[in-house]
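Peer 1: Provided below are the primary sequence and the corresponding predicted coordinates.
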2 protein chains.
Amino acid sequence: MRIAELSRQSGVPVPTIKYYLREGLLPAGELTSPNQASYGETHLRRLRLIRALIDLGQVPVARVKDILEGLDSDDLPLHDQIGRAHRAITPTRPASANTEARTAAAVQVGDLITRRGWQVEPDAPALTTLIETVAALRTLDQDHLADYLDAYADAVEKFTALEVASVTTRTDPDQIAESVVIGTILGETLIAALRLLAQESISAHSWPRD
Amino acid sequence: MRIAELSRQSGVPVPTIKYYLREGLLPAGELTSPNQASYGETHLRRLRLIRALIDLGQVPVARVKDILEGLDSDDLPLHDQIGRAHRAITPTRPASANTEARTAAAVQVGDLITRRGWQVEPDAPALTTLIETVAALRTLDQDHLADYLDAYADAVEKFTALEVASVTTRTDPDQIAESVVIGTILGETLIAALRLLAQESISAHSWPRD
């Protein structure tokens, strides 16, 4: 199909598609004449993935590129592809000012990981984020939330087990990697939206408007 | 304390503090001379909240301002303050291109909300996000994740109940509102980080590096 049809089917404007082509997010079409290219199902699928990551996952364009390069590099072991996708979606957090709170948080998080037998790289960005967040909760007098770390981890292990089980039914490594990336990023959006709705509902019951 | 001391205690550089003062995120200090102001514990506390929302919650500055204005407007009922904080942290999602997938997703989400007896405003931004995300998962051939909506909702209801129970032990309305805002935003960061760590761990077990 031509670029106009690709735009119609994906709902993405032509100038945006051209931008993704220039940035290397979308592979070039097949040239059918010196200034005309043809696009196929692969392009449509990739375009939908890009839009979902940007619009729903709120992943910046530069990080989308990193993620797609990970998916496209067949020589990477799957575990490393997953790691790459994780790193691409985990923002680097600045160090917190309060070193005392940070040290206490690092001990609490370290204990949690040991107790659960989680196998985690010591330089995983999510580890820094978790420690900084626990430290911030304590500094902001929200100790109760930091104290619930185990309860949160229990609930999170439930979805993660489901997510991994759903991925292991697939056999094509490319499909597995794509499924893990989409599941990681859109799964987060899904969970966050459900949580806001559940909170809105409970708060409507707890503090009704007069 | 003077601004230099406020900067030292909060770890926020003086120019950044001045920017927050200009933008109205931080209330003005008490003038001790025509060009010198004094700041107190309230400023330090507010500054830590601003940084946590921006650095860990990744909330844009303009939205932080909305959230703080909600916290500072004492005449708003608590439920409306919570709604305001929710709206400030929920990005507006563009409509998906595939109307068929969107309609099916809206039915699935509507059924879920009815079945669970959730009391949700029909224009809640999180509702749009949830519908768009389910539609995107189906369009991207990740039906299994969309099918787990109930399992995700089960897990999410568990944290939400804990979060609400922890808030209702407080009696000061200002503290309740602040606690809800921090819990909503930093809780999301905490859950997302735990989920990435659990995924990394399970993927290390499932697909070990050779």
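Peer 2: Yep, that arrived.
Peer 1: drop to CA atoms for contacts and neighbour counts, all remaining ones
Peer 2: Noted.
Peer 1: how far away is A:Val134 from B:Ala198?
Peer 2: A:Val134 sits 17 Å away from B:Ala198, taking Cα to Cα, to the nearest Å as the criterion.
Peer 1: looking at those two, which has the bigger crowd around it?
Peer 2: More crowded of A:Val134 and B:Ala198, by other Cα atoms under 10 Å in any protein chain shown: A:Val134, with 28 against 25.
Peer 1: the helix or strand of chain A with the lowest mean pLDDT and chain B, are they touching?
Peer 2: Least confident helix or strand of chain A, by mean pLDDT, DSSP states H and E, is helix A:78-89 with a mean of 71. Yes. With Cα under 8 Å from any Cα of the partner chain as the criterion, chain B is reached by helix A:78-89 at A:Leu78, A:His79, A:Asp80, A:Ile82, A:Gly83, A:His86.
Peer 1: as TSV, those residues with neighbour count and distance to B:Ile50 would be great.
Peer 2: TSV is the format used below for the residues of helix A:78-89 next to chain B (neighbours: other Cα atoms under 10 Å in any protein chain shown; distance: Cα to Cα, whole Å):
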residue	neighbour count	distance to B:Ile50
A:Leu78	23	38
A:His79	18	36
A:Asp80	17	35
A:Ile82	25	32
A:Gly83	19	30
A:His86	23	26
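Peer 1: quick one, helices of chain A?
Peer 2: Ranges of helices in chain A, per DSSP state H, are A:3-10, A:14-23, A:41-51, A:61-72, A:78-89, A:99-116, A:125-139, A:143-147, A:149-168, A:173-206.
Peer 1: out of those helices, nearest to B:Ala28?
Peer 2: Among the helices of chain A, helix A:125-139 comes nearest to B:Ala28, with 22.5 Å by Cα to Cα.
Peer 1: check which helices and strands that closest one sits against.
Peer 2: Applying 3 or more Cα pairs under 8 Å, 6 or more residues apart in numbering or on different chains; DSSP states H and E, one finds that helix A:125-139 makes contact with helix A:99-116, helix A:143-147, helix B:173-206.
Peer 1: ok, back up a step: need the winner for burial among the helices of chain A.
Peer 2: helix A:125-139 (a mean of 24; mean count of other Cα atoms under 10 Å in any protein chain shown).
Peer 1: tell me what angle that one forms with helix A:99-116.
Peer 2: Angle, helix A:125-139 to helix A:99-116, by axes from the mean of the first three to the mean of the last three Cα atoms, to 10 degrees: 120 degrees.
Peer 1: how near is the residue nearest to A:Ala192 when sequence neighbours are not counted to A:Leu137?
Peer 2: The shortest distance from A:Ala192 to any non-neighbouring residue, by Cα to Cα, 6 or more residues apart in numbering or on different chains, is to B:Glu188 (6.5 Å). Per Cα to Cα, B:Glu188 is found 12 Å from A:Leu137.
Peer 1: wait, does stretch A:14-29 contact chain B?
Peer 2: No. Stretch A:14-29 lies out of reach of chain B by Cα under 8 Å from any Cα, never closer than 14.1 Å.
Peer 1: for stretch A:142-151, same thing?
Peer 2: Yes. Using Cα under 8 Å from any Cα, stretch A:142-151 reaches chain B at A:Gln142, A:His144, A:Leu145, A:Ala151.
Peer 1: next, the distance between the ends of that stretch.
Peer 2: With Cα to Cα as the measure, what separates the two termini of stretch A:142-151 is 16 Å.
Peer 1: what mean pLDDT does that stretch get?
Peer 2: Mean pLDDT, stretch A:142-151: 87.
Peer 1: got the domain ranges for chain A?
Peer 2: Here the domain parsing of chain A from automatic domain parsing is A:3-56, A:87-206.
Peer 1: now those domains in CSV, with distance to B:Thr184?
Peer 2: Output for these, formatted as CSV (distance: least, Cα to Cα, whole Å):
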stretch, distance to B:Thr184
domain A:3-56, 19
domain A:87-206, 8
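Peer 1: mean pLDDT lowest where, among these?
Peer 2: Mean pLDDT is lowest for domain A:87-206 out of the domains of chain A, coming in at a mean of 85.
Peer 1: just how off-centre is it within its chain?
Peer 2: On the basis of Cα atoms, centre = their mean, to the nearest Å, domain A:87-206 sits 11 Å off its chain's mean C-alpha point.
Peer 1: can you check stretch A:10-21 too?
Peer 2: Relative to the centre of its chain, stretch A:10-21 is centred 22 Å away, using Cα atoms, centre = their mean.
Peer 1: outside of that stretch, which residues touch it?
Peer 2: A:Ile3, A:Ala4, A:Ser7, A:Leu26, A:Pro27, A:Ala28, A:Leu44, A:Leu47, A:Arg48, B:Ser96, B:Ala97, B:Asn98 (Cα atoms under 8 Å, 6 or more residues apart in numbering or on different chains).
Peer 1: can you tell me which of those residues is nearest B:Thr128?
Peer 2: Of the contacts of stretch A:10-21, the one sitting nearest to B:Thr128 (Cα to Cα) turns out to be B:Ser96, at 10.3 Å.
Peer 1: any part of stretch A:158-169 near chain B?
Peer 2: Yes. Using Cα under 8 Å from any Cα, we find that stretch A:158-169 touches chain B at A:Lys158, A:Phe159, A:Thr160, A:Ala161, A:Glu163, A:Val164, A:Ser166.
Peer 1: which of those residues sit farthest apart?
Peer 2: Using Cα to Cα, the pair of these lying farthest apart is A:Lys158 and A:Ser166, separated by 12.6 Å.
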